[in-house]
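Student: sequence first, then the predicted structure:
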Amino acid sequence: MDIESVKCECCGLKEDCTQDYISDVKANFEGKWLCGLCAEAVRDEVSKGGKKKNYGVEEALKAHMSFCRKFKSNPAVRVSDGMKQMLRRRSGDSSSSKKQV
C-alpha cells in the first residue's frame, strides 16, 4: 500500500493518504482532492443548494474554494483555532466563546 502526500485544493492542508483513497475523493469532487473538512463543507453546501435547479458539486466546490481563498492563513492554524473555539463553547466558557478567532 503506497502512501502519498496530497494537498487540499481548497484550504491547502496536506495529508498522507493511499492512492485508492485519493482517487475516490477526486472522483467525488470534479477531479479535485479535498481534505475531510472541505469535503464535508462542499457536501453540506450541495445539500443546502439542493432545492435550487442546477446546483451541484461543481457550484458548491467553486463557492467553497472562493471562501477558502479569503482566508490565506496556514490551514493547520485555522483547523486548530476552530477546534479551540468549539471546545470553549462546549465547556461553557462564554467569555472565550464570544471572541471571534
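Tutor: Received the coordinates, thanks.
Student: look up phi and psi at Lys14.
Tutor: Phi and psi for Lys14, reported as degrees, to the nearest 10, are phi -100, psi 140.
Student: mind listing the residues bridging to Val6?
Tutor: Glu15 (DSSP bridges).
Student: assess the claim that it and Glu15 are in contact.
Tutor: Yes - in this structure, Val6 is within contact of Glu15 by CB atoms under 8 Å, at 6.1 Å. All C-beta spots, glycine's among them, are computed from the backbone N, C-alpha and C.
Student: give me the mean pLDDT for the helix or strand where Ser80 lies.
Tutor: Element membership for Ser80, per DSSP states H and E: helix 75-91. The average pLDDT for helix 75-91 rounds to 75.
Student: which of Val6 and Glu15 has more neighbours?
Tutor: Val6 (19 against 15; other CB atoms under 10 Å).
Student: any idea how far the more buried one lies from Tyr55?
Tutor: Distance of Val6 to Tyr55, given as CB to CB, to the nearest Å: 27 Å.
Student: give me the pLDDT for the residue lying closest to Ile3 once chain neighbours are set aside.
Tutor: Excluding its sequence neighbours, the residue lying closest to Ile3 (CB to CB, 6 or more residues apart in numbering) is Asp16, at 5.1 Å. On the pLDDT scale, Asp16 is placed at 94.
Student: surely Asp16 meets Lys7?
Tutor: No - here Asp16 does not reach Lys7: they are 11.0 Å apart, not a contact under CB under 8 Å.
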